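> sequence first, then the predicted structure, then my questions.
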Amino acid sequence: MPNDPLLADLTEPQRLAVLHRDGPLLVLAGAGSGKTRVITRRAAKLAEAVGAHHVLAITFTNKAADEMRQRIADLGVGRGMWVLTFHALCARLLRMYADRVGLQPNYTIFDQADRHGVIREAIEDCGLSSDNWRPRTVEEIISRAKNEMQSPEEFAAAARDFTERTVARVFKRYEALLAERNAVDFDDLLVRTAGLLRGSADVREELEARFRYVLIDEYQDTNHAQYLIARGLTSIHRNICATGDPDQSIYGWRGADIRNILEFERDYPDANVVRLEQNFRSTQSILSAAGALIAKNRRRKKKSIWTENETGERVRFWNCADEHDEAERIARDILACRDGGGSPGECAVFYRVSSLTRVLEDALRRAGLPYQIARGVEFYNRKEIKDLLSYLRVMVNPADEPACIRAVNTPARGIGKTTVQRLVDFAREKGITLRAAMAQAGQIAALKSAAKKVKAFADLLDELCRLPPTPVRDVIEAVLKRSGLERALKADPDPEKSALGNVEELVSAAAEYDQANAAGSLPEWLAQVSLVNDQDAIDLAGGAVTMMTLHAAKGLEFPQVYIAGLEERLLPHERAMNDRKDGMEEERRLFFVGMTRAMKRLTLSRAGYRRLRGYSERTVISAFMHEVPRDELEWHDFTGGADRDRRGDAFDDDYSQDYDRQEWTRGRLVRHKRYGIGRVVSFEMARGAPWVRVKFTAYGEKSFSLQYAELEVIEQ
């Protein structure tokens, strides 16, 4: 094997991972350790030995899957191999085995907005008010139940109080509405596939015979359903390769279970474990700072990350006066990078919450710097895109009621909301789909003169359904023309609107899909579109500054990284600070992920005052900054003192003031200038500072640092 190109330029641990053949394998891959290279070379090596169609590679983002697929193809062994995200794999399997899970193969994947609308409908169908039962909250409870593999009946049986019993009713109605519309949500893709594998031995055996080797990337981010899918696909041959890093597990809030990777060796006592500890991305200074931070976590597997890269400059910390000062300094620093021969495209700005983007965007615009925000999902949420997709969805799935309702009067056909509601009522009464009801419009006396308009729309849908199903680009162009959408967009008198251009971009995306998928189809393309995430629209070669949340930054790298908002309640986030279980550790992992995206220069910043929800408030520096070694930071204080290369006063906040715990006893009434009157829930010293938690009637529970909160105790 000395001349084997698949083993060229690999380190010894990487070679061990690539050459491992049978049995379970755990690859603990530190940040920047060449993980993707190892997975692609291993997949290629297995394909050489057993055939590409016997290898399944699973990852978490479309971008990662596309990169992995291209790398394997470049090695000349990728034809026939499935390289997919978990959700895309499940979408494909559910189409293959639709009859086993109570679906039609032409089912629709409801996006977040669709799901939210159906939840609201289910609430109202149960005779409840969406003002009292907020759809978003109900949706979160149902999502958690699904990811724990609970059916509505199981959830109801385990309900502990009135709230859960009520949500169980909504859950049952929600599932019935999905079934009526031959639709699934994102959770269903995983949950139904896990149930299929668990309950159908013949399907499990068939898939195991097909996929003799299963490679799973980012294993630390798998939830319970994904864990069951992984086990179900490898229960006989046990040829599972799990690659990941517990230090980069950042999706616990959506069900990811870090125990899946921490306890891999318990699940597979005979597992071979390979540690990838050499970092090829970052300077030693960045790694030292990040390594010291993450070492504070307890739930991890110890690794010794090292690099042969240069030491590099120390991590910079900017203590800024306010959010405008912070944004201006970031913009000026990027300008200096550009003026020094660099490109704005080498720079990325990360933040914990998207609300920080407005001030940052303003500063970049004033500086004349091009920028892009990682909001890939937003393209598909634009009105003109959703309008066009609604036609395609109802063409594929006649039971897709939300798509049918959106398309019926887009562009305007004189079919109002009252007419649509009468059609919906007729469909419910007859037990038929809304589209079928439209075809019978002439029989519905209540429609009166609108019946002809509705029947004309039904005829249009029939005409569109007779179109050849491929290529997808031709289907979309035909729908644009025959539906009247293109004519309506061209007639818009506002030249500044980009709706037509956005639709043309969708046509281009379909053309790219056709080119890459000779056996593709409209249902497959719609499934792919529904699974887009924020990274998918990022153009890393475009020369623009990239702005994104820390969660979206996972898997990327940039020569120069800025992380803004190093403040308590932002990073770590307020919710995590109140999480007694794993919240702070996950926030620390999130910060670690952001830090290790930086290749050459890392800048961290904090605003002494920040305007949130219309109020300017003094902030508390992030506790995480106390965990970065003193000698790894280059400190700059812009709050009024001279710049200095040391930790400044903000690191030495005066916590010596005595606070009377009796004054902040549970139940004490207090007043806040923004939230009004509330009652104290708890008082505690956290990270050396006094904190009080208060419950407000209109705003729920909030945590405050007593040094800066301006809470007034109301005498009782």
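Cool, got the structure. Numbers count the residues shown, from 1 in each chain.
> which SSE is Val191 in?
Val191 belongs to helix 186-199 when assigned by DSSP states H and E.
> please name every helix or strand in contact with that helix.
Counting contacts by 3 or more C-beta pairs under 8 Å, 6 or more residues apart in numbering; DSSP states H and E, helix 186-199 is packed against helix 86-96, helix 135-147, helix 201-210, helix 224-233. Glycine gets a C-beta too; all of them are placed from N, C-alpha and C.
> so how far is that helix from its chain's centroid?
20 Å (C-alpha atoms, centre = their mean, to the nearest Å).
> and the angle from it to helix 224-233?
30 degrees (axes from the mean of the first three to the mean of the last three C-alpha atoms, to 10 degrees).
> output helix 186-199 as PDB, restricted to C-alpha atoms.
Once non-C-alpha atoms are left out, helix 186-199 reads as follows in PDB (Å, rounded to 0.1, in the frame of the first residue of the first chain):
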ATOM      1  CA  PHE A 186     -39.200  17.300  10.100                       C
ATOM      2  CA  ASP A 187     -39.500  15.200  13.300                       C
ATOM      3  CA  ASP A 188     -41.600  12.600  11.500                       C
ATOM      4  CA  LEU A 189     -38.900  11.900   9.000                       C
ATOM      5  CA  LEU A 190     -36.600  10.600  11.800                       C
ATOM      6  CA  VAL A 191     -39.200   9.200  14.100                       C
ATOM      7  CA  ARG A 192     -41.100   7.200  11.400                       C
ATOM      8  CA  THR A 193     -37.900   5.800  10.000                       C
ATOM      9  CA  ALA A 194     -36.700   4.800  13.400                       C
ATOM     10  CA  GLY A 195     -40.100   3.100  14.000                       C
ATOM     11  CA  LEU A 196     -39.900   1.400  10.600                       C
ATOM     12  CA  LEU A 197     -36.500  -0.100  11.400                       C
ATOM     13  CA  ARG A 198     -37.600  -1.100  14.900                       C
ATOM     14  CA  GLY A 199     -40.800  -2.700  13.800                       C
END
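> got the contact list for that helix?
Here helix 186-199 makes contact (C-beta atoms under 8 Å, 6 or more residues apart in numbering) with 86-87, 89-91, 93-94, 97, 100-101, 103, 109, 112, 115, 143, 146-147, 149, 178, 184, 203-204, 207, 223, 225-226, 228-229, 232-233, 531.
> those, buried ones only, as a ChimeraX selection?
Of those, the buried ones can be selected in ChimeraX as follows, counting by 16 or more other C-beta atoms under 10 Å:
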select :86,87,89,90,91,93,94,97,100,101,103,109,115,143,146,147,178,184,203,204,207,223,225,226,228,229,232,233,531
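> what ranges do the helices span in the stretch 201-350 of the chain?
For the stretch 201-350 of the chain, helices defined by DSSP state H, counting those that start in this stretch occupy the ranges 201-210, 224-233, 259-262, 264-267, 284-294, 323-339.
> what is the least confident helix or strand in this structure?
Within the chain, judged by mean pLDDT, DSSP states H and E, the helix or strand with the poorest mean is helix 376-381; its value is a mean of 69.
> next, Tyr107: phi, psi?
With angles defined as degrees, to the nearest 10, Tyr107 sits at phi -60, psi 160.
> gap between it and Ala194?
As defined by C-beta to C-beta, to the nearest Å, Tyr107 lies at a distance of 17 Å from Ala194.
> for Gln372, same thing?
Distance of Gln372 to Ala194, given as C-beta to C-beta: 36 Å.
> one more: Thr61?
In this view, Thr61 and Ala194 are 20 Å apart by C-beta to C-beta.
> repeat for Phe86
The gap separating Phe86 from Ala194 is 11 Å, by C-beta to C-beta.
> which neighbours do those two have in common?
In contact with both Phe86 and Ala194: 226, 229, using C-beta under 8 Å, 6+ apart.
> between the helices of the stretch 201-350 of the chain, which gets nearest to Glu12?
helix 284-294 (20.2 Å; C-beta to C-beta).
> which secondary structure elements does that closest one contact?
strand 315-322, helix 583-595, strand 598-612.
> quick one, which of the ones you listed is packed in tightest?
helix 583-595 (a mean of 24; mean count of other C-beta atoms under 10 Å).
> contacts for it?
31, 247-250, 252-253, 286, 289-290, 293-294, 296-299, 315, 350, 352, 550-551, 553-554, 561, 563, 571-573, 575-577, 602, 624, 627.
> measure how it sits relative to strand 315-322, angle-wise.
110 degrees.
> restricting to C-alpha, output helix 583-595 in CSV.
Output of helix 583-595 as CSV, limited to C-alpha atoms (Å, rounded to 0.1, in the frame of the first residue of the first chain):
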residue,chain,number,x,y,z
GLY,A,583,-26.9,24.3,29.6
MET,A,584,-23.7,26.0,30.6
GLU,A,585,-21.6,23.1,29.2
GLU,A,586,-23.3,23.3,25.9
GLU,A,587,-22.9,27.1,25.7
ARG,A,588,-19.2,26.6,26.4
ARG,A,589,-19.0,24.0,23.6
LEU,A,590,-20.8,26.5,21.3
PHE,A,591,-18.2,29.2,22.1
PHE,A,592,-15.4,26.6,21.6
VAL,A,593,-16.9,25.7,18.1
GLY,A,594,-16.8,29.4,17.2
MET,A,595,-13.2,29.9,18.4
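> give me the mean pLDDT for that helix.
For helix 583-595, mean pLDDT is 94.
> do stretch 466-473 as well
Mean predicted confidence for stretch 466-473 is 88.
> okay, how far is it across that stretch, tip to tip?
Using C-alpha to C-alpha, to the nearest Å, the end-to-end distance of stretch 466-473 comes out at 16 Å.
> which residues does that stretch contact?
For stretch 466-473, the external contacting residues (C-beta under 8 Å, 6+ apart) are 395, 474-475, 478-479, 507, 510-511, 513-514, 520-522, 525.
> how far out from the middle of the chain is that stretch?
31 Å.
> go through that stretch and flag the buried ones.
Buried residues in stretch 466-473 (16+ other C-beta under 10 Å): 470-473.
> what about the helices in the stretch 1-150 of the chain?
Secondary structure of the stretch 1-150 of the chain by DSSP H, counting those that start in this stretch: the helices cover 12-19, 35-50, 62-74, 86-96, 112-125, 135-147.
> what mean pLDDT does the fourth one have?
Across helix 86-96, pLDDT averages out at 95.
> tell me which strands and helices it is in contact with?
strand 55-59, strand 82-85, helix 186-199, helix 224-233, helix 522-530.
> single out the most deeply packed of those.
Buried most deeply of the helices and strands packed on helix 86-96, by mean count of other C-beta under 10 Å, is strand 55-59, with a mean of 26.
> identify the residues contacting that strand?
Strand 55-59 has contacts (C-beta under 8 Å, 6+ apart) with 39, 43, 46-47, 65, 68, 72, 81-86, 89, 211-218, 230, 233.
> then stretch 3-21?
Residues outside stretch 3-21 that contact it (C-beta under 8 Å, 6+ apart): 1, 25, 27, 34, 37-38, 41-42, 44-46, 48-49, 75, 241, 272, 274-278.
> go on, stretch 694-703?
If you take C-beta under 8 Å, 6+ apart as the criterion, stretch 694-703 is touched by 569, 574, 577-578, 670, 672, 675-681, 691-693, 704, 711.
> and it, C-alpha only, in PDB?
Output in PDB follows, covering the C-alpha atoms of stretch 694-703 (Å, rounded to 0.1, in the frame of the first residue of the first chain):
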ATOM      1  CA  VAL A 694     -37.900  37.100  39.100                       C
ATOM      2  CA  LYS A 695     -41.200  35.900  37.600                       C
ATOM      3  CA  PHE A 696     -43.200  38.600  35.800                       C
ATOM      4  CA  THR A 697     -46.900  38.100  34.900                       C
ATOM      5  CA  ALA A 698     -46.500  39.200  31.300                       C
ATOM      6  CA  TYR A 699     -42.900  38.200  30.600                       C
ATOM      7  CA  GLY A 700     -42.300  35.000  32.500                       C
ATOM      8  CA  GLU A 701     -39.100  34.300  34.500                       C
ATOM      9  CA  LYS A 702     -36.000  36.500  34.100                       C
ATOM     10  CA  SER A 703     -32.500  36.400  35.700                       C
END
